[in-house]
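Engineer: how would this look folded up:
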Amino acid sequence: MESKLTLKLDTRVIKRAKKIAAERNRSLSSMVEQFFRQLPEDIDDTVVLSPIVRELSGILTAEQLSDLDYRSYLEKKYE
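Structural biologist: This next block holds a predicted model:
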């Protein structure tokens, strides 16, 4: 059974996709369908962390990781 799908995409992306589809003598719908078919059927939402990342997680608070702190750090590092 087929169903209709409406997508909202950037105009430039659509133009490029249509051009590629035409060059390959395919419809844009068939290209999108092929992409979706390549997606895994079973999605595992669990994230596997390496031992080092597990060990380091929680050391810094959110406040310590603010963009301004990191920017200051980089500015000092690359003076």
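
Engineer: taking the chain centroid, which residue in the chain is the extreme one?
Structural biologist: Glu79 (33.0 Å; CA atoms, centre = their mean).

Engineer: in terms of pLDDT, where does it sit?
Structural biologist: Looking at Glu79, its pLDDT is 81.

Engineer: list the contacts for it?
Structural biologist: The neighbourhood of Glu79, defined by CB atoms under 8 Å, 6 or more residues apart in numbering, contains no residues. C-beta coordinates here come from the backbone N, C-alpha and C atoms, glycine included.

Engineer: any idea how far it is from Asp69?
Structural biologist: 16 Å (CB to CB, to the nearest Å).

Engineer: any idea of the mean pLDDT for stretch 5-23?
Structural biologist: 95.

Engineer: ranges for the helices of the chain?
Structural biologist: With helices called from DSSP state H, the chain shows them at 11-23, 28-37, 51-56, 67-77.

Engineer: could you dump those helices into CSV and include mean neighbour count?
Structural biologist: Formatted as CSV, the helices of the chain follow (neighbours: other CB atoms under 10 Å):
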stretch, mean neighbour count
helix 11-23, 11
helix 28-37, 12
helix 51-56, 9
helix 67-77, 9
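
Engineer: nearest to Lys4, of the ones you listed?
Structural biologist: helix 28-37 (9.5 Å; CB to CB).

Engineer: by contact count, what packs against that closest one?
Structural biologist: helix 11-23 (3 or more CB pairs under 8 Å, 6 or more residues apart in numbering; DSSP states H and E).

Engineer: quick check: which helices or strands does the helix it packs on pack against?
Structural biologist: Secondary elements touching helix 11-23 (3+ CB pairs under 8 Å, 6+ apart): helix 28-37.

Engineer: show residues contacting the helix it packs on.
Structural biologist: Leu5, Leu7, Ala17, Lys18, Ile20, Ala21, Arg24.
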